[in-house]
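Chemist: Return a 3D structure for these sequence lines:
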Amino acid sequence: VRGPSKKTRAREPRNRSAQLMRIRRPTRPPRRLHASHDEHVPSLAVLQKWTALPSLPVCVVEVPGKGLGVLARRALPAGTVVAEYRFRLVKRATCSPGDYRVEARGARGLVGKMDAHTFGPPIDGVAQVGALLNEPTHPIGETANCQRLESEYFGPSGHRRGAFLLRTTRAVNVGEELTW
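Modeler: Predicted coordinates:
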């Protein structure tokens, strides 16, 4: 058995550009933050500890079919501030389609994303759990009982943050889920 002839041996490209075209460089995945940092939600026990103060009008619970949610601890009249939603401002283009995000009104091209500073102990008697208010379940006929107030933005460029308050739009009964 004879080896391959000179003509049938693997041919090496003669010029440098042809050699570079044959080299396949590994592509790097897009740079993204890890879920543990990007969308940090504390455990239910920690959230319940932060909302355990009797003076707070809300508490965090597990809502069947929805995950975590916020319930009224007592009867709330319309116009009661129930929670604050804090977020990190990021460019809309950097968000994956499945990321939790909120519209950043007045901040062109930016959206608000949850991060490690979204949740925390109450500030000035307002629970920091706005990101846990769910959407109403439309097939059941629920309507939103809360609305967001005007957003405020703060922090240096590149590390901008925002927040808005959520308040009730109608009277809410004890144990009723807060939605917006």
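Chemist: what mean pLDDT would you report for the strand ranked longest in the chain?
Modeler: Across the chain, the longest stretch assigned as strand under DSSP state E is strand 81-91. Confidence over strand 81-91 (mean pLDDT, whole number) is 94.
Chemist: any idea how far V82 lies from L166?
Modeler: 6 Å (Cβ to Cβ, to the nearest Å). C-betas here are computed from N, CA, C, even on glycine.
Chemist: do L53 as well
Modeler: Between L53 and L166 the computed distance is 18 Å (Cβ to Cβ).
Chemist: neighbour-wise, which of the two wins?
Modeler: More neighbours surround L166 than the other of L53 and L166, with 26 against 13 (other Cβ atoms under 10 Å).
Chemist: For that one, which three-state class applies?
Modeler: For L166, the assignment made with DSSP: H, G, I helix; E, B strand; the rest coil gives strand.
Chemist: Model confidence score at it, please.
Modeler: So, for L166, pLDDT stands at 98.
Chemist: That one against W180, yeah?
Modeler: Yes. Judged on Cβ atoms under 8 Å, L166 makes contact with W180 at a distance of 5.9 Å.
Chemist: follow-up on the earlier one: residues shared between the contacts of V82 and L166?
Modeler: Listed contacts common to V82 and L166 are 133, 146, 178; contacts here mean Cβ atoms under 8 Å, 6 or more residues apart in numbering.
Chemist: Pull up the overlap in contacts between L166 and W180.
Modeler: Taking Cβ under 8 Å, 6+ apart as the contact rule, L166 and W180 both touch 133, 146-148.
Chemist: could you dump those to a markdown table with distance to A78 and secondary structure?
Modeler: Output for these, formatted as a markdown table (distance: Cβ to Cβ, whole Å; DSSP: H, G, I helix; E, B strand; the rest coil):
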| residue | distance to A78 | secondary structure |
| --- | --- | --- |
| L133 | 16 | coil |
| C146 | 10 | strand |
| Q147 | 10 | strand |
| R148 | 15 | strand |
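Chemist: isn't there a helix covering L47?
Modeler: Yes. According to three-state DSSP, L47 belongs to a helix.
Chemist: From T169, how far out is it?
Modeler: Counting by Cβ to Cβ, the gap from L47 to T169 is 24 Å.
Chemist: of the two, who's got more company?
Modeler: For L47 and T169, the more surrounded residue by other Cβ under 10 Å is L47, and the numbers stand at 21 against 15.
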